[in-house]
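Novice: Sequence and computational prediction follow.
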Amino acid sequence: QLQFVESGGGLVQPGDSLRLTCTPKGFSLDLHTVAWFRQFPGKDREGVSCISERGSSTKYTDSVKGRFFISRDDDKRTVYLQMNDLKPEDTGTYYCALVSWQIDRCFEEGWYWGQGTQVTVSS
């Protein structure tokens, strides 16, 4: 089964940091744009950040700009999401997926979803 495997979530306090990782299972990251999405309880999944092949372009949703940073290491077949200054409203399940190569459309649709990793920000 082709999917991503996400990890790195946890329970943290407001202001803390986490680094999420996702790795592909059964396919390569090469030449693909990858995005992180998150889903809040009872809400639709929303795009958080995406990174183009070789990391030449990135995109962030407004609520995480300046706090979250996406990167990739294709040699390690891993995409990272560094999350700093976490807020309670960042609580949710975080997923990664392959997305459109057009960076402006990277939040529209995703493929090869994993099981996600839970992030809980609470004091």
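Specialist: Received it, and whenever you're ready, just let me know what you need. Owing to the predicted nature of the structure, the values given are computational and were not obtained by experimental measurement.
Novice: Pull the number of nearby residues for Leu11.
Specialist: 12 (other C-beta atoms under 10 Å). (Each C-beta comes from the backbone N, C-alpha and C, glycine too.)
Novice: List the beta-bridge partners for it.
Specialist: Thr120 (DSSP bridges).
Novice: Then the one 10 residues further on?
Specialist: According to DSSP bridges, Ser7, Tyr80 are recorded as the beta-bridge partners of Thr21.
Novice: Show me how far the lowest-mean-pLDDT helix or strand in the chain is from its chain's centre.
Specialist: Lowest on mean pLDDT, DSSP states H and E among the helices and strands of the chain sits strand 110-111, with a mean of 92. Taking C-alpha atoms, centre = their mean, to the nearest Å, one finds strand 110-111 lying 12 Å from the centre of the chain it belongs to.
Novice: by contact count, what packs against that strand?
Specialist: strand 92-99 (3 or more C-beta pairs under 8 Å, 6 or more residues apart in numbering; DSSP states H and E).
Novice: List the strands paired with the strand it packs on, with their directions.
Specialist: According to DSSP bridges, strand 92-99 has these partners: strand 33-39 (antiparallel), strand 110-111 (antiparallel), strand 117-121 (antiparallel).
Novice: out of the ones you listed, nearest to Asp104?
Specialist: Set against Asp104 and scored by C-beta to C-beta, the strands paired with strand 92-99 come closest in strand 33-39, at 10.9 Å.
Novice: returning to what we had before: quick one: closest of the strands paired with strand 92-99 to Thr21.
Specialist: Among the strands paired with strand 92-99, strand 117-121 sits nearest to Thr21 (C-beta to C-beta), with 8.6 Å.
Novice: how about CSV for the strands paired with strand 92-99, with mean neighbour count added?
Specialist: Below are the strands paired with strand 92-99 laid out as CSV (neighbours: other C-beta atoms under 10 Å):
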stretch, mean neighbour count
strand 33-39, 23
strand 110-111, 17
strand 117-121, 18
